[in-house]
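**Student:** next comes the sequence, and after it the predicted model I'd like to discuss.
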Amino acid sequence: MQISLQHQVALVTGASSGLGAGAAEALAEAGAAVVVNYNRHAEPAEALAERIRENGGKALALQADVSQEDQVEALFARTVETFGALDILLANSGLQKDAATVDMTLADWNQVLQVNLTGQFLCARAALRQFIKQGPRPWVSRAQGKIIHMSSVHQLIPWAGHANYAASKGAIDLLMRSIAQEVGGQGIRVNAIAPGAIKTAINQDTTQGEKGQRLLELIPQGRLGEVQDIANAVVWLASDASDYIHGTTLFIDGGMSLYPGFKDNG
């Protein structure tokens, strides 16, 4: 099945590296014009946008801190000003500030929740307002707009030493489902992706060597995920091929969320 996102406009937050960059490139390969959002790392975002343009696509790198309301509003305004519409939001920006709960500072708690959760709310709200303002675009998609929230297997699996991160991802689940319940009747589709252990540059220390081997024990499928595994799912959820998928979290984790420690009866 060939998926085409021709004439659609996608905004990917946190797209300068890792899962966001892979998804932005995949959306562009499927035909969408892509806004590559970044917060601090301009060079890789600009390089990705340039690579997309060199391959015949449309892309623009834009800076914005998604935890700041005024910057989110400016990001969406510039997206529509440049490409004329918005069809797809991948709310991907996120960070970790890890510590045992007894040692975690309020600043680190607040920063993770502000970016991972409030940032997703601000971006989803801005996308919804644009979808409603521009109305249906049936010549590009059956849905009036599509929002994909990036969550984690840790919306389900507790993660000691990462209470702020796990709390933010658990909250994303109900944020996504509440929005989906609210706007489904308007033809706007809202879903989430929950990656498991994915090989990216940022987590090389936990996915390689002895740590990587221990990590494989938590994955029934016996392999680590690739960025492309997530990118493929993003393109599918953004397309009409998934038009009846709404209010759902797609776990892409090789079975990690099956609690493999209990496979031999605990």
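**Tutor:** Arrived safely, thanks for sending.
**Student:** Val190: neighbour count?
**Tutor:** Using other C-beta atoms under 10 Å, Val190 is surrounded by 29 other residues. Any C-beta I mention is one placed from the backbone N, CA and C, and that applies to glycine too.
**Student:** do the same with the one 3 residues further on
**Tutor:** Here the number of neighbours of Ile193 (other C-beta under 10 Å) works out to 22.
**Student:** low-confidence ranges, the stretch 1-150 of the chain, go.
**Tutor:** Across the stretch 1-150 of the chain, the ranges flagged by pLDDT under 70 are 1.
**Student:** show me where it has its helices.
**Tutor:** Applying DSSP state H, counting those that start in this stretch to the stretch 1-150 of the chain gives helices spanning 18-29, 42-54, 69-83, 106-113, 119-134.
**Student:** Throw those helices into a markdown table and include mean neighbour count and distance to Leu62, thanks.
**Tutor:** Shown next, in a markdown table, are those (neighbours: other C-beta atoms under 10 Å; distance: least, C-beta to C-beta, whole Å):
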| stretch | mean neighbour count | distance to Leu62 |
| --- | --- | --- |
| helix 18-29 | 25 | 12 |
| helix 42-54 | 17 | 8 |
| helix 69-83 | 17 | 6 |
| helix 106-113 | 15 | 22 |
| helix 119-134 | 20 | 13 |
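**Student:** out of those helices, flag the one nearest Leu216.
**Tutor:** Closest approach to Leu216 among the helices of the stretch 1-150 of the chain (C-beta to C-beta): helix 18-29, 19.8 Å.
**Student:** report how many residues lie close to Asp103.
**Tutor:** With other C-beta under 10 Å as criterion, Asp103 counts 9.
**Student:** give me phi/psi at it?
**Tutor:** phi -100, psi -10 (degrees, to the nearest 10).
**Student:** great, nothing more from me.
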